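Engineer: need coordinates for the below:
(2 chains)
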Amino acid sequence: MKQQLARSLKRLAMKDRKIIFITGDLGFNAFEELQKTMQDRFINAGVAEHNMITLAAGLAYMGFKPWIYSIAPFITIKVLEEIRNDVSLTKSDIKIIGLGAGFDYGIAGPTHHAIQDVGAVLSLPNMKVYAPGFIEDVDTVIDKIYRYKGPVYLRLSKEEKAKLKVPQYAPLRRINRGAKVTVVALGNIIQEVIKASFLLKDNLRSIDIWIVSELPLKFEQKLIDSIKRTRKLIVVEEHVSTGGLGAYLSSYLMKNYPMVVKQFTHKCVQGYKSRNYGDRQFHLRENDLDAESIFSTLKTFTS
Amino acid sequence: MRQFSLFMLQRQLRLKILKIANLSKSSHCHIGSCLSCIDILIQTLIYEMGERDKFVLSKGHASLALYVVLNYLGKISDKTLSTYFQNNTKLGIHTPSTLQRDIPLGTGSLGHGLSFSCGLALGNLMANKQNPRNVYCLISDGECNEGAIWEAALFATAHKLYNLIIIVDKNGLQAFGKTKDILGDGAAIEKWKSFGFNTYECDGHNLNELKRVFNEIKINVGSRPNIVICKTVRGKGLKVIENKVVSNYVSVDEKLLNSIYL
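Structural biologist: Reported below is the predicted structural model:
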């Protein structure tokens, strides 16, 4: 998604001279072209993220539109207070872009993983989180958050292009129509859900698959109808249970449709069981979030 | 005559701070810090700042001193000022973000104001290269403990923010001890020189000295950001609490109020 981000931003930056791109010293082999286009509006703020966030707030106050970029944990959890005091409380028009949703940075280790970012950011007032599922989403999402005049956290992944026809971007999309169980995933982990659903073969028609790409979200009736029909709900996210989609959706259902779900599971990040390092798939497996593990859950729910 | 009227102004605003603190009956007004930086605020806000210049009180706990100066300037009404420390007030212990446009940042957590000021200064330079407006940022020597101060200092020099003027209220004390005994002197002139700043020093309670330094800054326009290190006394004007850590934890009773010697 990083390359697509650079292309989309280049397009916007050419037409809007108020846009300023600020990176925390990252973007090698991806942002060179953007840098050439934006010239002095492309700022490498160095490995100094605390300064970068509040600096952006100052620029936004002066009427500029800062887009700030780093690896996801370094631009969310590391600088949460700067985001709260100087971005979210002030409703500043600042776009925070974090690369590396969930376990994307794999063997780089826990310091580089973003598994608490959504909850942390969403706990702050006025913040919106965008979690695209596919590379194809990125251009539309960039346009959408550009038009929105307020603070946004964009959670990008290092996901490769998916081997399917991606439905047009929307905050909530149905990926597959089915009758027995409703599966709702946050952002790019949808691709593991899709792989798992292919393993079901003939039973594919039994699962209703949805992707959520924006939080907070007013859940549309079509999703509620699906849950009412199946009464079985699986939420999947590459994020801890606190503060993410599962917490958000289950709280929404408890408030509005308290008895609607009779079977529920929340497939989310449990942590680092072995305390060993590995690639994204290693960590997904350790957390029962890889396609095989999701497949097992789907089988249980559809049998 | 001018000297006398300046002195009277310093005394008048000090008294105002103390009376408001007295009415609040609270020990949380950070009286020591307010009295430490009131003279800097007088010179900066009343005599130095031009139209469209910006001021950031990074040491937001001294906000009562700022309110009193803004009240003198007619930017905060007597009525609003009288709500200080009451429920539903716009004037907190720490500076809100809802003051007028030349005081843009709500502060309270130390170490934010300088980065924000860098953003303001850079934005000014980008918007108007020929005649950028000045950005004044008041920090404290204790605040130089914060890592973000040094991130911002590096940025300010790297981006040649010559329209940035940092003012340090260097009273040598922080929340729980002497600055030199905790992490050392973060407001040491050689530190800021080595970071590439134009450095100035003066007595932070002497308006004439402050004026002289600001005039020098106006003349010495180059590519470097500026820092004015002001030697100050926490609690200045109240002998019993001067230069004492406790100065930020006392409530102002009648006896203390009447002991003002300035």
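
Engineer: please make it C-alpha for all contacts and neighbour counts, starting now.
Structural biologist: OK.

Engineer: I'd guessed residue B:95 sits against residue B:61; true?
Structural biologist: Yes - the pair residue B:95 and residue B:61 qualifies as a contact (Cα atoms under 8 Å) at a distance of 7.3 Å.

Engineer: where do the strands of chain B begin and end?
Structural biologist: In chain B, the segments counted as strands under DSSP state E are B:54-57, B:135-140, B:164-170, B:173-174, B:177-178, B:198-203, B:226-231.

Engineer: name every strand pairing with the fourth one and say which way it goes.
Structural biologist: Counting by DSSP bridges, the strands paired with strand B:173-174 are strand B:177-178 (antiparallel).

Engineer: contacts for the strand it pairs with?
Structural biologist: B:172, B:245 (Cα atoms under 8 Å, 6 or more residues apart in numbering or on different chains).

Engineer: might you calculate how far that strand sits from the centre of the chain?
Structural biologist: 19 Å (Cα atoms, centre = their mean, to the nearest Å).

Engineer: what pLDDT, on average, does that strand get?
Structural biologist: Mean per-residue pLDDT for strand B:177-178: 96.

Engineer: number of nearby residues for residue A:235?
Structural biologist: Taking other Cα atoms under 10 Å in any protein chain shown as the neighbour definition, residue A:235 ends up with a count of 21.

Engineer: which residues does the closest residue to residue B:222 other than its chain neighbours contact?
Structural biologist: Nearest non-adjacent residue to residue B:222, counting by Cα to Cα, 6 or more residues apart in numbering or on different chains: residue B:162, 6.5 Å away. Residue B:162 makes contact with B:221, B:222, B:223, B:224, B:225, B:226, according to Cα under 8 Å, 6+ apart.

Engineer: mind giving me the PyMOL select for those, buried ones only?
Structural biologist: To isolate the buried members of the contacts of residue B:162 in PyMOL, using 16 or more other Cα atoms under 10 Å in any protein chain shown:
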select buried, chain B and resi 223+224+225+226
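
Engineer: need the contacts of residue B:162 in TSV (columns: pLDDT).
Structural biologist: Formatted as TSV, these follow (pLDDT from 0 to 100):
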residue	pLDDT
B:221	89
B:222	92
B:223	95
B:224	98
B:225	98
B:226	98
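
Engineer: in chain B, which helix is the longest?
Structural biologist: The single longest helix within chain B, with elements called by DSSP state H, is helix B:2-24.

Engineer: ranges for the helices of the chain?
Structural biologist: Picked chain A for this. A:2-15, A:32-38, A:49-61, A:80-82, A:117-122, A:135-147, A:190-199, A:221-230, A:245-256, A:280-286, A:291-302.

Engineer: look at chain B instead
Structural biologist: Using DSSP H, helices in chain B cover B:2-24, B:31-41, B:63-72, B:78-81, B:113-127, B:147-158, B:179-182, B:189-194, B:207-219, B:254-258.

Engineer: just checking, what packs against the fifth one?
Structural biologist: Secondary structure elements in contact with helix B:113-127, counted by 3 or more Cα pairs under 8 Å, 6 or more residues apart in numbering or on different chains; DSSP states H and E, are helix A:49-61, strand B:54-57, strand B:135-140, helix B:147-158, strand B:164-170.

Engineer: pLDDT at the most centrally placed residue in chain A, what is it?
Structural biologist: Centroid-nearest residue in chain A, with Cα atoms, centre = their mean: residue A:131, separated by 2.5 Å. Residue A:131 carries a pLDDT score of 98 in this model.

Engineer: isn't it right up against residue A:186?
Structural biologist: Yes - at 6.9 Å, residue A:131 counts as touching residue A:186 under the criterion of Cα under 8 Å.

Engineer: anything in contact with each of the two?
Structural biologist: A:212, A:213.

Engineer: and the closest residue to chain A within chain B, how many neighbours?
Structural biologist: Going by Cα to the nearest Cα, chain A is nearest to residue B:119 of chain B, at 4.0 Å. Residue B:119 is flanked by 30 other residues according to other Cα under 10 Å.

Engineer: what parts of the stretch 1-150 of chain B come near chain A?
Structural biologist: B:97, B:104-107, B:112, B:115-120, B:122-124, B:148-149 (Cα under 8 Å from any Cα of the partner chain).

Engineer: list the contacts of the residue most central in space within chain B.
Structural biologist: With the centre of chain B defined as its mean C-alpha position, the nearest residue by Cα atoms, centre = their mean is residue B:138, 4.0 Å away. Contacts for residue B:138 (Cα under 8 Å, 6+ apart) come out as B:55, B:56, B:57, B:58, B:59, B:166, B:167, B:168, B:169.

Engineer: what's the answer for residue A:107, then?
Structural biologist: A:277, A:278, A:279, A:280.

Engineer: kindly recompute the last result at 6 Å.
Structural biologist: A:277, A:278, A:279 (Cα atoms under 6 Å, 6 or more residues apart in numbering or on different chains).

Engineer: want to throw the residues you listed into CSV with distance to residue B:70?
Structural biologist: Putting those into CSV (distance: Cα to Cα, whole Å) gives the following:
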residue, distance to residue B:70
A:277, 57
A:278, 58
A:279, 57
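
Engineer: that older thread, what's the pLDDT at the residue nearest to the centre of chain B?
Structural biologist: With respect to pLDDT, residue B:138 has a value of 98.

Engineer: that one pairs with what?
Structural biologist: Bridge pairing for residue B:138 - DSSP bridges - gives residue B:57, residue B:167.
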